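Asker: Generate coordinates for the sequence data below:
(2 chains)
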Amino acid sequence: MDRRSFLRNTGFVAAGSLFVPAFMKPLEAMALDELSLYKNLVIVQLSGGNDGLNTVIPYGNDIYYQKRKGIAIKPEEVIKLTDMQGLNPNMAALQEIHDQGWMTIINDVGYPNPDRSHFRSMDIWQTGSESNQFLSTGWIGRYLDSNCQTCKFPYTAIEVDDSLSLAMKGQTKKGIALKDPAALFRNTNDPFFKAMLQNDKEDLDEDNLGYLYKTMIETSSSASYIQNTSKVYQSKATYPQSGFANQLKTVSKFISSGLKTRVYYVSLSGFDTHVNQIQQQGNLLKQYSEGMAAFLKDLKTNNKLEDTLVVTFSEFGRRVEQNASNGTDHGTANNMFIFGGRLKKQGIFNDAPNLSDLETGDLKYQLDFRQVYGTILDKWLDVNNADILNKKFNTLDFI
Amino acid sequence: MSPKDNFYKVKHLYNRAGFGISYTDLHKLSRKNIIKVIEGLFEQPKVADDITLIDTVASKQQLLMQAGLYAKKDLTDEEKKQRQEIVKMQNEKSRDLNIAWVEKMINTALPLREKMTLFWHGHFACRSNNPFFAQQLNNIQRANCLGSFKTLLVEVSKSPAMLQYLNNQQNRKGKPNENFARELMELFTLGRGNYTEQDIKESARSFTGWMYDKDGSFIFRPNLHDAGTKTFFGKIGNFDGENIIDIILDNPETAKFISRKVYKFFVNDVPNEAHVKELASAFFNSKYNIATLLKKMFTADWFYAPENLGNKIKSPAEFLVGLSREFYVTYNKPQVLIQLQSSLGQYLFNPPNVAGWPAGQSWIDSSSLMLRMRIPSLVLNDGAIDFSGKADPEDEAVIAQSRSATANANIKAKPKSFVDAKADWPKFLNTLPKSITPVELAEFLLQPKLTDKIINMISNNAGLRNTSVELTSMPEYQLC
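Answerer: Next up is the predicted model:
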């Protein structure tokens, strides 16, 4: 095949001859029990600052109704979980998940000196930094850097997106971003790309050129591995029609086909609801809940739910009091959703936020988000959280 | 010095100090003494070279109107609409400003000025949703890019963009906000470890009252300024902001910190501390003259040493501007430049935080490298790009409002967008000598030393055009 077709054609070049590369073999040889014990972490990012108080509603607290006259969810509409808290009615799909014991809600998670800028606060959540500290690596990236037993492959972390989030970038190792394994496979099998990699597998220098070639080689081998491992798998589950559900469907395909990836990252955006929040947030919560419920049931069917932990975060919650446009402005602490088949404490993990003890109108956090990260690192990814988070964080008992 | 040696020196110089060089200019300058070539880079513009896209008078009027609207408690529907219109217009103008600067970098006759503006843009990293403020800060960074670091620092500190971004607007007597004071020392001048928390507190007190007024002009408000005695770096006095800046500049650590950052930007990701020291002492002794620092660096033998050639990963801005300059690219839909910046991880005017972009190897991951290697064929051969990228967090509010009420709202429905750019191939090919071979073209377009593999890949190529696209699609082209 003429390699110049890569350069002349406008779209992606059609795949070259399909062949199974040599590095595919080890997987087939791998013991079955090793595969089934593989623990997966799925991180879900809600971008824009999800309003936690209208997600998990403190319907037992009058202050909520006083401060949110235009947007409060009426008690009779709330999907009640306890006497104090319940879910937004758009999250009905999660009722069953909750009843199965596959869901934990951690209330009031934040960090000291909260920043109300989307960008900065997202930065803090993705890097796991202090609010006055600037890190150029993400918390999952540093997990990859740590060279641990469970993080040795270049495809250890996959983000189902076009570009890679800071959370997934380490100093020397980075996750892979891909939306469609077949497209990435076609690209890396392009004749021009392959020609560039000829005879370059050895003697890579430590310099920047060596780094570029190393990245190419890893992308190419990961693309082949991911495509060849996952292409045979056909999901029987039905997912709702949404971009978010599609991302989760891809993750489920990867997990169910036995990919040796540890961390998956997906996101859903549009939560910056300053104006007319009810409908906008409602739509998003519906997409989130329906996609998530389908995903968890799919995993259950494939016996993967026990090996999977899902964690959802947003860069901040919103102010307790609504604004004049029936929306909410940027706030501080927020709830986090945890899903999985092996949760130690199910349902509501800790007390609902205290609405009568606020700091300039915002919630005071009870738990540092790095305690949640620390718990996941220690108990799920089997690394010492101090090595990744730069200091030791006390773990929690949700897993 | 043979012309051939000079050829490589000038090429290296222009790749680092500018955004590459045309073959014609390279050929011409190679016959000159390198000192003369360096001097040429410092040429001043004949007239002020500010970006004037956003009109000052209109912006000030808009600021006043906006202030009025924000002060009111209950807005009429008409007023709410006005407020939304202003935000929408500002977002549009911010994108226009970004494009205006990228195009200025592509077309400039004074590449060092734009390169240094880019350096200061990353050093004094700042976000502002007001395009007028952003333009003003960019112009401050350009006007002072080769002059006095002190003037630059004072002007940046007084700019509404920075006063807003680092909350000095909220820094008042009795209620200090330390954000600016901290970053001033940690990121802008001394670097961590060269000051105490107490120094930050005293510095913050000194900057109280530095604000901008309703129409966006700097104003010192004496009634909000803490006029008490402060102790800063062991000195005692009734300091104001400029006194603090003077004391910081008296410390040679500031010269060292800036010199190290300049070295990492222009020479090598890994600083050679002996070379940094040379630069720092020249910078300090010149009372922080930026041109002196740069000339010292460009004339140093080590600047042209093999370990410093062809080994720096281009930033996305350097990559896009360099490619567009080399091939005289025009973008029919310049918005694509924003999409490309954002997909490659450097959306200008939108740094990740006040520390700026991390640079070096952090520019490269599997997806950004794949995209970089595809961009030349897309831009030069006018292709489509299958890439939607991520939404910027600051755009979330816009997304939230514009989302339709359907369940499909989250599908980023942009399967393909056409780059719609045009390279001026006749112009480019005319700059090359008629007899140029593919290997000579590779030696010109690529900065790292050619390997046998590349030579073998291209030596039998027929067309210069195809060869150019191939060369610019290589990993080697990511380096300068």
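Asker: Give me the distance between B:E114 and chain A.
Answerer: Using C-beta to the nearest C-beta, to the nearest Å, B:E114 is found at 23 Å from chain A. (C-beta placed from N, C-alpha, C; glycine too.)
Asker: Can you check my assumption that that residue lies in a helix?
Answerer: Yes. The assignment for B:E114 by DSSP: H, G, I helix; E, B strand; the rest coil puts it in a helix.
Asker: for it, what are its contacts?
Answerer: Shown in contact with B:E114 (C-beta atoms under 8 Å, 6 or more residues apart in numbering or on different chains): B:G18, B:F19, B:K104, B:M105, B:T108, B:R142.
Asker: Next: B:K312.
Answerer: Applying C-beta under 8 Å, 6+ apart, the residues near B:K312 are A:N208, B:R16, B:V267, B:N268, B:D269, B:L479, B:C480.
Asker: Verify the stated contact: the last one with B:G18.
Answerer: In this case it means B:C480. No. Here B:C480 lies out of contact with B:G18, judged by C-beta atoms under 8 Å, at a distance of 10.1 Å.
Asker: before we move on, the earlier item: looking at the contacts of B:K312, spot the one nearest A:G138.
Answerer: Distance to A:G138 across the contacts of B:K312 (C-beta to C-beta) is lowest for B:D269, with 19.8 Å.
Asker: is it true that that closest one lies in a helix?
Answerer: No. Read with three-state DSSP, B:D269 is coil and lies in no helix.
Asker: What about the residue nearest to it when sequence neighbours are not counted, how many residues nearby?
Answerer: Once flanking residues are discounted, B:D269 sits nearest to B:G360: 4.5 Å by C-beta to C-beta, 6 or more residues apart in numbering or on different chains. Counted with other C-beta atoms under 10 Å in any protein chain shown, the neighbours of B:G360 add up to 17.
Asker: contacting residues around B:G360?
Answerer: Applying C-beta under 8 Å, 6+ apart, we find B:G360 in contact with A:N208, B:K264, B:D269, B:I313.
Asker: now the residues you listed in TSV, with neighbour count?
Answerer: Formatted as TSV, those follow (neighbours: other C-beta atoms under 10 Å in any protein chain shown):
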residue	neighbour count
A:N208	22
B:K264	16
B:D269	15
B:I313	22
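Asker: so where does the residue minimising distance to the centre of chain B fall, helix or strand?
Answerer: Central residue of chain B (C-alpha atoms, centre = their mean): B:L118, 2.6 Å from the mean position. For B:L118, the host element (DSSP states H and E) is helix B:111-123.
Asker: What ranges in chain B fall below the confidence cut-off?
Answerer: Counting by pLDDT under 70, the ranges of chain B that qualify are B:1-2, B:383-417.
Asker: Looking at the chain, which helix is longest?
Answerer: In the absence of a named chain, this looks at chain A. Criterion DSSP state H: the longest helix present in chain A is helix A:277-301.
Asker: you looked at the wrong chain, it should be chain B
Answerer: helix B:77-107.
Asker: For that helix, which residues meet the burial criterion?
Answerer: B:82-83, B:86, B:90-91, B:93-106 (16 or more other C-beta atoms under 10 Å in any protein chain shown).
Asker: Quick one: list the elements packing against it.
Answerer: When contacts are defined as 3 or more C-beta pairs under 8 Å, 6 or more residues apart in numbering or on different chains; DSSP states H and E, helix B:77-107 packs onto helix B:56-71, helix B:111-123, helix B:131-143, helix B:316-326, helix B:335-344.
Asker: Give me the contacts around the third one.
Answerer: Going back to what we said before, that points to helix B:131-143. For helix B:131-143, the surrounding residues in contact (C-beta under 8 Å, 6+ apart) are B:48-51, B:53-54, B:56, B:59-60, B:62-63, B:90, B:93-94, B:96-97, B:101, B:113-114, B:117, B:120-121, B:124, B:126, B:128, B:152, B:155-156, B:159-162, B:164, B:216, B:349.
Asker: quick one on the thing from earlier: next one: the residue nearest to the centre of chain B from B:N138, what distance?
Answerer: 10 Å (C-beta to C-beta, to the nearest Å).
Asker: Residues that sit against both of the two, list them.
Answerer: Joint contacts of B:L118 and B:N138 (C-beta under 8 Å, 6+ apart) do not exist.
Asker: Now B:L112: closest residue in space that isn't a chain neighbour?
Answerer: Setting aside the residues directly before and after it, B:L112 is nearest to B:L41 in space (C-beta to C-beta, 6+ apart), at 4.3 Å.
Asker: Oops, could you answer that again for B:D365 instead?
Answerer: The spatially closest residue to B:D365, leaving aside those adjacent along the chain, is A:K174, at 4.3 Å (C-beta to C-beta, 6+ apart).
Asker: Could you verify my assumption that the one you found touches A:A167?
Answerer: No. Here A:K174 does not reach A:A167: they are 10.6 Å apart, not a contact under C-beta under 8 Å.
Asker: quick one: which of these two has more around it?
Answerer: A:K174 (28 against 25).
Asker: anything in the helix or strand hosting A:V266 sitting right up against chain B?
Answerer: With secondary structure defined by DSSP H and E, A:V266 is part of strand A:263-269. Yes. Interface with chain B: strand A:263-269 contributes A:S267, A:L268, A:S269 (C-beta under 8 Å from any C-beta of the partner chain).
Asker: among these, who's most crowded?
Answerer: The most crowded member of the residues of strand A:263-269 next to chain B, judged by other C-beta under 10 Å, is A:L268 (27 neighbours).
Asker: what's near enough to touch that residue?
Answerer: Residues near A:L268 by C-beta under 8 Å, 6+ apart: A:V44, A:Q45, A:L46, A:S47, A:G243, A:F244, A:L284, A:Q287, A:Y288, B:N410.
Asker: do that again at 7 Å, thanks
Answerer: A:L46, A:F244, A:L284, A:Q287, A:Y288, B:N410 (C-beta atoms under 7 Å, 6 or more residues apart in numbering or on different chains).
Asker: One more: B:F283?
Answerer: B:A255, B:I258, B:S259, B:T292, B:L293.
Asker: for the stretch 101-250 of chain A, what spans make up the helices?
Answerer: A:118-127, A:139-145, A:181-188, A:191-197, A:208-230, A:243-256 (DSSP state H, counting those that start in this stretch).
Asker: wait, I meant the stretch 351-480 of chain B
Answerer: Taking DSSP H, counting those that start in this stretch to define them, one finds helices in the stretch 351-480 of chain B at B:366-380, B:396-402, B:425-431, B:438-445, B:452-458, B:464-472.
Asker: cool, and the stretch 201-350 of chain B?
Answerer: With DSSP H, counting those that start in this stretch as the definition, the stretch 201-350 of chain B shows helices at residue ranges B:241-250, B:252-266, B:273-285, B:290-299, B:316-326, B:335-344.
Asker: Among the ones you listed, show me which one is buried the most.
Answerer: Using mean count of other C-beta atoms under 10 Å in any protein chain shown, the stretch among those with the largest mean neighbour count is helix B:316-326, at a mean of 23.
Asker: what residues does the stretch 51-200 of chain A put near chain B?
Answerer: On the criterion C-beta under 7 Å from any C-beta of the partner chain, chain B has as its neighbours in the stretch 51-200 of chain A the residues A:118-120, A:122-123, A:132, A:134, A:136, A:161-164, A:169, A:174, A:176-177, A:187, A:192, A:195-196, A:198-199.
Asker: Run through the residues of the stretch 201-350 of chain B sitting next to chain A.
Answerer: B:N311, B:K312, B:I313, B:S343.
Asker: Next, format those as JSON lines and append distance to B:T437.
Answerer: Listed next are these as JSON lines, based on distance: C-beta to C-beta, whole Å:
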{"residue": "B:N311", "distance to B:T437": "25"}
{"residue": "B:K312", "distance to B:T437": "27"}
{"residue": "B:I313", "distance to B:T437": "28"}
{"residue": "B:S343", "distance to B:T437": "35"}
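Asker: re earlier: can you tell me how far the residue nearest to B:L112 is from chain A?
Answerer: In terms of C-beta to the nearest C-beta, B:L41 sits 25 Å off from chain A.
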